[in-house]
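J.: below is the sequence, then the predicted model.
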Amino acid sequence: QVLLVASGGGLVQAGDSLRLSCAASGRTFSSYAMAWFRRNPRKEREFVATISGNGDTYYADSVKGRFTISRDNAKNTVYLQMNSLKPEDTALYFCAGSEYSDSRQYDSQYRYWGQGTQVTVSS
C-alpha cells in the first residue's frame, strides 16, 4: 500500500514561512515526479509545484519566487518551503506521486495522493 503523509502545516501570519514535508512509503519515488497541490477555501484544487525524477522543478505563477520544492530520495520525502506567505495561500496542501518522471501540473498523471495538511495564513 502506498501512503503519502503530509505534515508541517499550521496557522501563521502573513509574511511568515512554513516548511511542509511529505513522506512516502510503499513505493520508491526517486525516479518519478512528485508534486504539491492545494485545495483553497472555495474547494478548488490548484497545482502548486512539482519536482521531476531528474530534479527539475516547476511552479505555479502564484507561488513562483516564494515557494521551493525539494526532495530527499534517501528519505523518500518531498518538501515545500513556503516563504512570504499570503492570506491567499490558505488551503489544504497535499502531495502527489506520479508514475512518470516529469508530470508538470497535469494532475491526471499523479496516481498517488496524500490526505493533506492545513495551512492558514492570517492577515
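T.: Looks like it came in fine.

J.: tell me which helix or strand Phe47 sits in.
T.: strand 45-51 (DSSP states H and E).

J.: now Cys95: how far from Ser122?
T.: Distance of Cys95 to Ser122, given as CB to CB, to the nearest Å: 24 Å. Where you see a C-beta, it was placed from the backbone N, CA and C, and this is true even at glycine.

J.: looking at the two, which one has more neighbours?
T.: Cys95 (31 against 11; other CB atoms under 10 Å).

J.: surely the more buried one meets Gly114?
T.: Yes - with contacts counted by CB atoms under 8 Å, Cys95 reaches Gly114, the gap being 4.8 Å.

J.: now do the strands in the protein.
T.: Assigned by DSSP state E, the chain shows strands spanning 3-7, 10-13, 18-25, 34-39, 45-51, 57-59, 67-72, 77-82, 91-98, 110-113, 117-122.

J.: point to the residue nearest the middle of the protein.
T.: For the chain, the residue sitting closest to the mean C-alpha position, by CA atoms, centre = their mean, is Trp36 at 2.2 Å.

J.: any idea what it is bridged to?
T.: Beta-bridge pairing of Trp36 under DSSP bridges involves Ala49, Cys95.

J.: what's the answer for Leu18, then?
T.: Met82.

J.: what's the answer for Gln13, then?
T.: Beta-bridge partners, per DSSP bridges, of Gln13: Ser122.

J.: you'd agree Leu92 is up against Gly114?
T.: No - Leu92 is beyond contact range of Gly114, at 10.4 Å (criterion: CB under 8 Å).

J.: for Gln109, which non-adjacent residue is closest in space?
T.: Ser103 (3.9 Å; CB to CB, 6 or more residues apart in numbering).

J.: same question for Asn40.
T.: Closest to Asn40 by CB to CB, 6+ apart is Ala91, at 4.6 Å.
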